[in-house]
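Visitor: How does the following fold in three dimensions:
(one chain, ligands or ions: 1)
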Amino acid sequence: MFCKIVSGEIPSRKVHEDERIVAFEDIAPKAPTHVLIVPRKHISKLDEASAEDASVLGDVALRAAAIAREHGLEDYRVVVNNGAGAGQSVFHLHFHLLGGRNFSWPPG
Ligand code: 5GP
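Guide: Numbering: from 1, shown residues only. So this is what the prediction gives:
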């Protein structure tokens, strides 16, 4: 489904777009800032990523930090849910950037 967002077929509120990454606001935000950062390449989950994806995964992590800075966030959380048991519901790899409130640890 995120492939359709990446291609523009499904509309989204994009906050960043380049040749390898798309970042957009989560449709059901769990924090005041909740952005999903997605590699355009279809990788179903982190466990399916391989060494050739290391560069784009680095870009995704650095983009999360850049978007956090743009939102004025110093403290924030970056989350990847891998597999349904960990809370993954969309099987196109994405990093969650969450900020604007306090978070507890350990996560639920
Ligand atoms: P997951 O549960 O797979 O880690 O995260 C999927 C996220 O995608 C959820 O936070 C959910 O709210 C968000 N989401 C699901 N469908 C859409 C959609 O069509 N548009 C946007 N912007 N976010 C979506």
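Visitor: What number of neighbouring residues does residue 81 come out with?
Guide: Neighbours of residue 81 under the rule other C-beta atoms under 10 Å: 18. (Glycine included, C-beta is placed from N, CA and C.)
Visitor: Over to residue 2?
Guide: When neighbours are counted by other C-beta under 10 Å, residue 2 registers 20.
Visitor: Kindly report the same for the one 5 residues further on.
Guide: Around residue 7 there are 10 other residues, counting by other C-beta under 10 Å.
Visitor: What lies in contact with the lengthiest strand in the chain?
Guide: Using DSSP state E, we find that the single longest strand of the chain is strand 33-39. Strand 33-39 is contacted by residues 2, 5-6, 15-16, 20-26, 53, 56-57, 59-60, 63-64, 67-68, 71, 73, 76, 92-100 when judged by C-beta atoms under 8 Å, 6 or more residues apart in numbering.
Visitor: Please repeat the previous calculation with a cut-off of 6 Å.
Guide: For strand 33-39, the external contacting residues (C-beta atoms under 6 Å, 6 or more residues apart in numbering) are 2, 15, 22-26, 56, 60, 63-64, 67, 71, 94-95, 97-100.
Visitor: With only the CA atoms kept, save that strand in CSV.
Guide: Extracted in CSV, the C-alpha atoms of strand 33-39 (Å, rounded to 0.1, in the frame of the first residue of the first chain):
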residue,chain,number,x,y,z
THR,A,33,4.7,14.7,15.2
HIS,A,34,4.3,11.3,13.5
VAL,A,35,6.0,11.0,10.2
LEU,A,36,6.7,7.8,8.2
ILE,A,37,10.0,7.6,6.3
VAL,A,38,9.8,5.0,3.5
PRO,A,39,12.4,3.8,1.0
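Visitor: now it: how far from the chain's centre is it?
Guide: Offset of strand 33-39 from its chain centre (C-alpha atoms, centre = their mean, to the nearest Å): 3 Å.
Visitor: Quick one, which of the contacts of strand 33-39 are buried?
Guide: For the contacts of strand 33-39, a burial check counting by 16 or more other C-beta atoms under 10 Å picks out 2, 15, 22-24, 26, 56, 60, 63-64, 67, 94-95, 97-99.
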